[in-house]
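*Asks:* Here is my input, please return the structure:
(one chain, ligands or ions: 2)
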Amino acid sequence: MSKIPVIIDCDTGIDDAMALVVACASDNLDIRAVTTVGGNVSLENTTRNTLNVLHLLGFSHVPVAKGADKPLQRPLMKASRVHGVSGLRGYEFAENYTDNLVDLPAWDLMRQVLMSSEEKVTIIALAPVTNLAILLQKYPEVKGRIDKIAFMGTSYHCGNPTVLSTFNVMVDPEAFQVLLDSGVDVYACPLDTTKTAYVTPDEARTFHSITGPAAEMVNGLFGGYCQVDTKTEVFDEHEEGERNAKQAARMKSKYEMHDPATVALVTNPELFTWNKYFCQVECKGELTLGYTIIDKEDYYAKDEDERNLYFAESIDREGFLRVFRASLEKFSR
Ligand code: BDR
Ligand code: CA
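*Replies:* Residues are numbered from 1 along each chain as shown. Ligands and ions are numbered 1, 2, ... in the order given. Take a look at the predicted model:
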């Protein structure tokens with residue numbers, strides 16, 4: 001089977017780092033480029049983390065380009081309380097690797113890859129989609145070169161960091177509306193579904209027996225995921241809100257694998273069920289900013305070709321855990 005050419009856009013981030021492990025381990029993907037954006041932490045940190053993770057996995061031949069340091073129209077809201085101030089709480093790299101950082105903005109590298117590829121390219125979007133909105137607005141000619149955008153985010157009846165809204169939409173809602181309006185096929189792995197792709201602390205401990213750099217990093221990161229260290233970490237004002245004790249306990253009892261599940265949507269589509277809906281983004285609401293209004297009840301009676309979002313209704317958790325474990329084991333050989 002020929003490999004699927006992909007570009008990965010990320011804000012590395014604990015679960016982004018784990019997603020890169022799944023992507024790099026997959027025999028189904030041909031990773032043509034990785035681009036970074038300000039999101040979970042600053043652009044400088046997401047870029048450094050991305051370069052270091054790819055180097056650790058032996059993928060430093062893949063070009064990496066930095067993108068936007070903030071959303072299209074808003075200041076950046078980060079998620080350091082979840083991921084740590086560095087973005088990778090729980091794991092430290094001995095040195096910073098930069099050889100594959102290219103001197104182009106993310107959207108220019110994406111355009112290069114898209115226009116020079118013989119086949120259409122899939123974009124795996126694991127972060128606020130500022131880079132993709134800039135790409136589509138600046139270079140509309142790339143639209144026909146994109147097979148699909150697999151996006152981590154949207155939700156029907158849950159949210160993080162608010163009751164309704166998901167981080168990757170809420171940080172840059174205008175950018176996500178650009179994607180929905182673009183005519184490119186957007187496949188969402190919504191929070192409703194990624195929340196069910198969790199790893200329990202007991203399951204995470206079973207990974208300790210796996211050797212190799214990927215498992216070593218992932219084991220460290222599970223130790224740091226959602227474990228706010230109030231003694232040493234200094235957060236600035238551009239952060240999503242503090243979690244209360246109940247929320248924090250819940251986050252520590254189930255590590256939600258949002259970004260790795262979204263990679264699995266491309267590598268292992270058989271694990272998912274789908275429906276296509278019409279979706280709009282709330283870009284103004286005081287309590288609802290970033291909420292995705294998904295017309296499951298067919299209120300607007302949109303025809304198939306007017307519906308703009310493929311929505312992953314479910315994931316086979318056991319199957320996903322098998323893919324994740326196998327990804328770690330791949331690097332132990
Ligand atoms: C998403 O938000 C980020 O914090 C994670 O990396 C993931 O992409 C989950 O809502
Ligand atoms: Ca992410």
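*Asks:* for the nearest residue to residue 208 once chain neighbours are set aside, what are its contacts?
*Replies:* Here the nearest residue to residue 208 in space, its sequence neighbours aside, is residue 219; by CB to CB, 6 or more residues apart in numbering that works out to 5.9 Å. All C-beta atoms are positioned from the backbone trio N, CA, C, and that covers glycine. With contacts taken as CB atoms under 8 Å, 6 or more residues apart in numbering, residue 219 has the following neighbours: 204, 207-208.
*Asks:* pretty sure residue 219 belongs to a helix, no?
*Replies:* Yes. The secondary structure assignment for residue 219 places it in a helix, going by DSSP: H, G, I helix; E, B strand; the rest coil.
*Asks:* Just give the number of residues close to residue 202.
*Replies:* The criterion is other CB atoms under 10 Å. On that basis, residue 202 has 7 neighbouring residues.
*Asks:* Tell me how far it lies from ligand 1.
*Replies:* 23 Å (CB to the nearest ligand atom, to the nearest Å).
*Asks:* again with residue 186
*Replies:* Distance from residue 186 to ligand 1, by CB to the nearest ligand atom: 15 Å.
*Asks:* Dihedrals phi and psi, that residue?
*Replies:* Phi and psi for residue 186, reported as degrees, to the nearest 10, are phi -110, psi 120.
*Asks:* near ligand 1, which residues of the stretch 1-150 of the chain?
*Replies:* Along the stretch 1-150 of the chain, the residues adjacent to ligand 1 under the rule CB under 6 Å from any ligand atom are 13, 15-16, 40, 79, 82, 126-127.
*Asks:* contacts with ligand 2 among the residues you listed, please.
*Replies:* Checked against ligand 2 using CB under 5 Å from the ion, those give the following subset in range: 13, 16, 126-127.
*Asks:* mind listing what whichever residue of the stretch 101-250 of the chain sits closest to ligand 1 touches?
*Replies:* Residue nearest to ligand 1 within the stretch 101-250 of the chain: residue 167 (3.5 Å; CB to the nearest ligand atom). Contacts for residue 167 (CB under 8 Å, 6+ apart) come out as 39-40, 79, 128, 153, 160-161, 240.
*Asks:* Drop anything exposed from the residues you listed.
*Replies:* In terms of neighbour count (16 or more other CB atoms under 10 Å), the buried residues within the contacts of residue 167 are 39-40, 79, 128, 153, 160-161, 240.
*Asks:* Can you give me the neighbour number for residue 38?
*Replies:* Residue 38 has 28 neighbouring residues, counting by other CB under 10 Å.
*Asks:* Nearest residue to residue 229 in space, ignoring adjacent ones along the chain?
*Replies:* Nearest in space to residue 229, with sequence neighbours left out and distances taken as CB to CB, 6+ apart, is residue 89 at 7.2 Å.
*Asks:* Quick check: residue 99 touching residue 60?
*Replies:* Yes. Applying CB atoms under 8 Å as the test, residue 99 and residue 60 come out as touching, 6.1 Å apart.
*Asks:* Local confidence estimate at residue 333?
*Replies:* With respect to pLDDT, residue 333 scores 68.
*Asks:* Is residue 32 located within a strand, as I assumed?
*Replies:* Yes. The secondary structure assignment for residue 32 places it in a strand, going by three-state DSSP.
*Asks:* so how far is residue 88 from it?
*Replies:* 24 Å (CB to CB, to the nearest Å).
*Asks:* ditto for residue 241
*Replies:* For residue 241, the distance to residue 88 under the criterion CB to CB works out to 22 Å.
*Asks:* more crowded one of these two?
*Replies:* Relative neighbour count places residue 88 above the other of residue 241 and residue 88, with 28 against 10, counting by other CB under 10 Å.
*Asks:* Can you list the residue ranges for strands in the protein?
*Replies:* Per DSSP state E, the chain has strands spanning 4-10, 29-36, 64-66, 121-125, 146-152, 186-189, 198-199, 255-256, 272-277, 279-281, 292-294, 309-315. These are given in chain order.
*Asks:* Mean pLDDT added to those strands, as JSON lines?
*Replies:* Converted to JSON lines, the strands of the chain look like this (pLDDT from 0 to 100):
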{"stretch": "strand 4-10", "mean pLDDT": "99"}
{"stretch": "strand 29-36", "mean pLDDT": "98"}
{"stretch": "strand 64-66", "mean pLDDT": "98"}
{"stretch": "strand 121-125", "mean pLDDT": "99"}
{"stretch": "strand 146-152", "mean pLDDT": "98"}
{"stretch": "strand 186-189", "mean pLDDT": "98"}
{"stretch": "strand 198-199", "mean pLDDT": "97"}
{"stretch": "strand 255-256", "mean pLDDT": "96"}
{"stretch": "strand 272-277", "mean pLDDT": "98"}
{"stretch": "strand 279-281", "mean pLDDT": "98"}
{"stretch": "strand 292-294", "mean pLDDT": "98"}
{"stretch": "strand 309-315", "mean pLDDT": "98"}
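*Asks:* Any chance of a markdown table for those, columns mean neighbour count and distance to residue 215?
*Replies:* Formatted as a markdown table, the entries for the strands of the chain read as follows, by neighbours: other CB atoms under 10 Å; distance: least, CB to CB, whole Å:
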| stretch | mean neighbour count | distance to residue 215 |
| --- | --- | --- |
| strand 4-10 | 26 | 20 |
| strand 29-36 | 24 | 20 |
| strand 64-66 | 24 | 23 |
| strand 121-125 | 26 | 22 |
| strand 146-152 | 23 | 23 |
| strand 186-189 | 27 | 24 |
| strand 198-199 | 21 | 13 |
| strand 255-256 | 21 | 15 |
| strand 272-277 | 16 | 25 |
| strand 279-281 | 22 | 37 |
| strand 292-294 | 22 | 35 |
| strand 309-315 | 20 | 22 |
